[in-house]
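# Got a predicted structure plus its sequence, pasted below:
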Amino acid sequence: MNEEQKKEEIKQAVLTLHNAKIVRDTADDAYKEAAKAYMAALDAEGLDSLSTVHKGQRITATKVQSSTLKIDEDGLAEAVGSQKWVTISKRVLDRKLLEDAMMRDRIDSTILTRHSDEVPRAPYVRVNVKAVK
C-alpha cells in the first residue's frame, strides 16, 4: 500500500467516525425526546413504570428520579462553628497554591516529583466539523 492509499484510508476513517457521530447524536436526540414524552405520559397517569411485550420480550421502562444534596459549606461552617467544622471537614491539597509555591521557590519541584506519578488517561478521538470556506 503506497502513501497515497494510506492517507486515503485514514481520510475514510475520519468520515466513518464523523458519520457514526451524526448517527449517535441523532439517536441521542430521538431518545431524549421519546423519554420526555414517555415521562409526561406516565405523570399524566400517575404511574412510575409501564411494561409491554414485544417479539417475545417484556420491555419495562421506569421513570427514575434521583437527587443530590447540595450543601452551602460556607454557611454550614459558620453555623456549626470552627471547632466543630474541623471535626467534619478535611483539608485537601490546592494544586494552584502548590504550583504558585513552586514557582516562588518556596517548595522544591523535586519534592513533588518524588511524591507524584503521571497517570495517562484512556485515549479517545475528538471529531470536529467546520464549514469549508
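That came through fine.

# quick one: the strands in the protein?
Counting by DSSP state E, the segments of the chain that form strands are 49-54, 57-62.

# With distance to Lys133, mean pLDDT and mean neighbour count as new columns, can the ones you listed be given to me in TSV?
For glycine as for every other residue, the C-beta is placed from the backbone atoms N, C-alpha and C. Output for these, formatted as TSV (distance: least, CB to CB, whole Å; pLDDT from 0 to 100; neighbours: other CB atoms under 10 Å):
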stretch	distance to Lys133	mean pLDDT	mean neighbour count
strand 49-54	48	91	10
strand 57-62	45	93	10
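
# need those strands in CSV with distance to Lys130, can you?
Conversion of the strands of the chain to CSV gives the following (distance: least, CB to CB, whole Å):
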stretch, distance to Lys130
strand 49-54, 42
strand 57-62, 38
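
# looking at those strands, which is closest to Leu69?
Nearest to Leu69, of all the strands of the chain, is strand 57-62, at 22.9 Å by CB to CB.

# Could you pull up the residues touching the residue lying closest to Thr52 once chain neighbours are set aside?
Leaving aside its sequence neighbours, Thr52 sits nearest to Ile59 (CB to CB, 6 or more residues apart in numbering; 5.5 Å). Taking CB atoms under 8 Å, 6 or more residues apart in numbering, we find Ile59 in contact with 51-53.

# residues near Met39, how many?
15 (other CB atoms under 10 Å).

# who's in contact with it?
Lys63.

# quick one: it and Thr16, what's the gap?
Applying CB to CB, to the nearest Å, the value for Met39 to Thr16 is 34 Å.

# Could you do Glu4 as well?
From Glu4 across to Thr16, the span is 19 Å (CB to CB).

# do you know how far Glu78 is from Lys84?
The value you get for Glu78 to Lys84, if CB to CB is used, is 11 Å.

# What of Ala13?
Ala13 sits 59 Å away from Lys84, going by CB to CB.

# Now do the top helix by length along the chain: distance to the chain's middle.
Using DSSP state H to define each element, the chain has its longest helix at helix 3-45. Distance of helix 3-45 from the chain centroid (CA atoms, centre = their mean, to the nearest Å) equals 17 Å.
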